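[1] give the three-dimensional model of this entry:
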Amino acid sequence: MEDITVQELHARIQAGEKINLIDVREPHEYEEFNIGAQLIPLGDLPARYQELADLKNEEIIVHCRSGARSGNAKLFLSDMGFENVRNLLGGMLAWRDQYPNG
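    Prediction:
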(Lines give C-alpha, C1' and ligand atoms only; values in the text may rest on other atoms or scores of the structure.)
Protein backbone atom coordinates (compact mmCIF):
# COMPACT_ATOMS: atom_id res chain seq x y z
CA MET A 1 0.00 0.00 0.00
CA GLU A 2 1.23 3.46 -0.83
CA ASP A 3 2.18 5.77 2.00
CA ILE A 4 0.24 8.97 2.71
CA THR A 5 1.28 12.63 2.76
CA VAL A 6 0.46 15.03 5.57
CA GLN A 7 -1.64 17.06 3.13
CA GLU A 8 -3.77 14.04 2.20
CA LEU A 9 -4.24 13.00 5.84
CA HIS A 10 -5.06 16.56 6.92
CA ALA A 11 -7.70 16.87 4.19
CA ARG A 12 -9.28 13.58 5.23
CA ILE A 13 -9.34 14.62 8.91
CA GLN A 14 -10.84 18.00 7.99
CA ALA A 15 -13.51 16.20 5.97
CA GLY A 16 -14.51 14.26 9.09
CA GLU A 17 -13.49 10.90 7.70
CA LYS A 18 -13.17 8.01 10.16
CA ILE A 19 -9.47 7.14 10.15
CA ASN A 20 -7.64 4.36 11.95
CA LEU A 21 -4.61 6.36 13.07
CA ILE A 22 -1.86 4.84 15.21
CA ASP A 23 0.93 6.92 16.78
CA VAL A 24 4.03 4.77 17.46
CA ARG A 25 6.00 7.47 19.30
CA GLU A 26 6.76 7.43 23.01
CA PRO A 27 4.23 8.76 25.55
CA HIS A 28 6.24 11.94 26.25
CA GLU A 29 6.27 12.77 22.52
CA TYR A 30 2.54 12.14 22.31
CA GLU A 31 1.86 14.38 25.30
CA GLU A 32 3.89 17.20 23.74
CA PHE A 33 1.88 17.17 20.49
CA ASN A 34 -0.57 14.75 18.91
CA ILE A 35 -3.29 14.68 16.28
CA GLY A 36 -5.66 12.37 18.11
CA ALA A 37 -4.24 8.99 17.13
CA GLN A 38 -4.28 5.89 19.30
CA LEU A 39 -0.89 5.66 21.04
CA ILE A 40 0.94 2.34 20.74
CA PRO A 41 4.69 2.96 21.06
CA LEU A 42 6.75 0.98 18.54
CA GLY A 43 8.45 -1.00 21.32
CA ASP A 44 5.03 -2.10 22.61
CA LEU A 45 3.62 -3.03 19.20
CA PRO A 46 4.70 -6.71 19.19
CA ALA A 47 2.85 -7.25 22.48
CA ARG A 48 -0.15 -5.07 21.59
CA TYR A 49 -0.81 -5.48 17.86
CA GLN A 50 -3.71 -7.85 18.63
CA GLU A 51 -5.57 -4.78 19.93
CA LEU A 52 -5.85 -3.86 16.25
CA ALA A 53 -7.14 -7.28 15.11
CA ASP A 54 -10.56 -5.87 14.15
CA LEU A 55 -8.79 -3.53 11.70
CA LYS A 56 -6.87 -6.25 9.85
CA ASN A 57 -8.72 -5.60 6.59
CA GLU A 58 -9.17 -1.85 7.05
CA GLU A 59 -6.81 0.99 6.26
CA ILE A 60 -4.47 1.81 9.15
CA ILE A 61 -2.26 4.90 9.05
CA VAL A 62 0.80 4.80 11.31
CA HIS A 63 2.92 7.79 12.20
CA CYS A 64 5.85 8.84 14.38
CA ARG A 65 8.17 11.83 14.61
CA SER A 66 9.82 11.57 11.18
CA GLY A 67 8.48 8.43 9.50
CA ALA A 68 11.24 5.96 10.41
CA ARG A 69 9.61 4.20 13.38
CA SER A 70 6.25 4.17 11.65
CA GLY A 71 7.94 2.63 8.61
CA ASN A 72 9.07 -0.20 10.87
CA ALA A 73 5.56 -0.42 12.34
CA LYS A 74 4.12 -0.67 8.82
CA LEU A 75 6.48 -3.55 8.00
CA PHE A 76 5.67 -5.33 11.27
CA LEU A 77 1.91 -5.00 10.87
CA SER A 78 2.11 -6.10 7.24
CA ASP A 79 4.08 -9.17 8.34
CA MET A 80 1.33 -9.87 10.89
CA GLY A 81 -1.27 -9.98 8.12
CA PHE A 82 -2.59 -6.43 8.12
CA GLU A 83 -3.41 -5.73 4.49
CA ASN A 84 -3.73 -1.96 4.22
CA VAL A 85 -1.10 -0.17 6.34
CA ARG A 86 0.15 3.26 5.29
CA ASN A 87 2.98 5.32 6.73
CA LEU A 88 2.61 9.09 7.19
CA LEU A 89 5.50 10.49 5.15
CA GLY A 90 7.64 12.85 7.21
CA GLY A 91 5.68 12.15 10.40
CA MET A 92 4.90 14.84 12.93
CA LEU A 93 7.87 16.94 11.80
CA ALA A 94 6.29 17.32 8.36
CA TRP A 95 2.86 17.87 9.95
CA ARG A 96 4.17 20.72 12.13
CA ASP A 97 5.94 22.26 9.12
CA GLN A 98 2.68 22.27 7.12
CA TYR A 99 0.26 22.96 9.97
CA PRO A 100 2.15 24.80 12.76
CA ASN A 101 -1.05 25.48 14.68
CA GLY A 102 -2.11 21.86 14.73
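
[2] show me where the chain dips below the pLDDT cut-off.
    Along the chain, no part satisfies pLDDT under 70.

[3] with residue 43 as the reference, measure out to the residue most central in space within the chain.
    Nearest to the geometric centre of the chain sits residue 62, at 1.9 Å (Cα atoms, centre = their mean). The gap separating residue 62 from residue 43 is 14 Å, by Cβ to Cβ, to the nearest Å. Where you see a C-beta, it was placed from the backbone N, CA and C, and this is true even at glycine.

[4] in this structure the residue nearest to the centre of the chain contacts residue 89, no?
    No - taking contacts as Cβ atoms under 8 Å, residue 62 lies outside contact range of residue 89: 11.3 Å.

[5] residue 52: neighbour count?
    Neighbourhood size, residue 52 [other Cβ atoms under 10 Å]: 19.

[6] quick one: contacts for it?
    Applying Cβ atoms under 8 Å, 6 or more residues apart in numbering, we find residue 52 in contact with 20, 22, 40, 60, 77, 82.

[7] how about 7 Å then?
    Counting by Cβ atoms under 7 Å, 6 or more residues apart in numbering, residue 52 touches residue 60.

[8] can you check residue 9 too?
    61, 88.

[9] what of residue 74?
    Residues in contact with residue 74 (Cβ under 7 Å, 6+ apart) are 62, 85, 87.

[10] which among those gets closest to residue 16?
    Nearest to residue 16 among those: residue 62, at 21.0 Å, using Cβ to Cβ.

[11] that older thread, secondary structure class of the residue nearest to the centre of the chain, three-state.
    Following DSSP: H, G, I helix; E, B strand; the rest coil, we place residue 62 in the strand state.

[12] who touches it in this structure?
    22, 24, 70, 73-74, 85, 87-88.

[13] any buried residues in stretch 36-54, and which?
    By neighbour count on 16 or more other Cβ atoms under 10 Å, the buried set for stretch 36-54 is 37, 40-42, 45, 49, 52.
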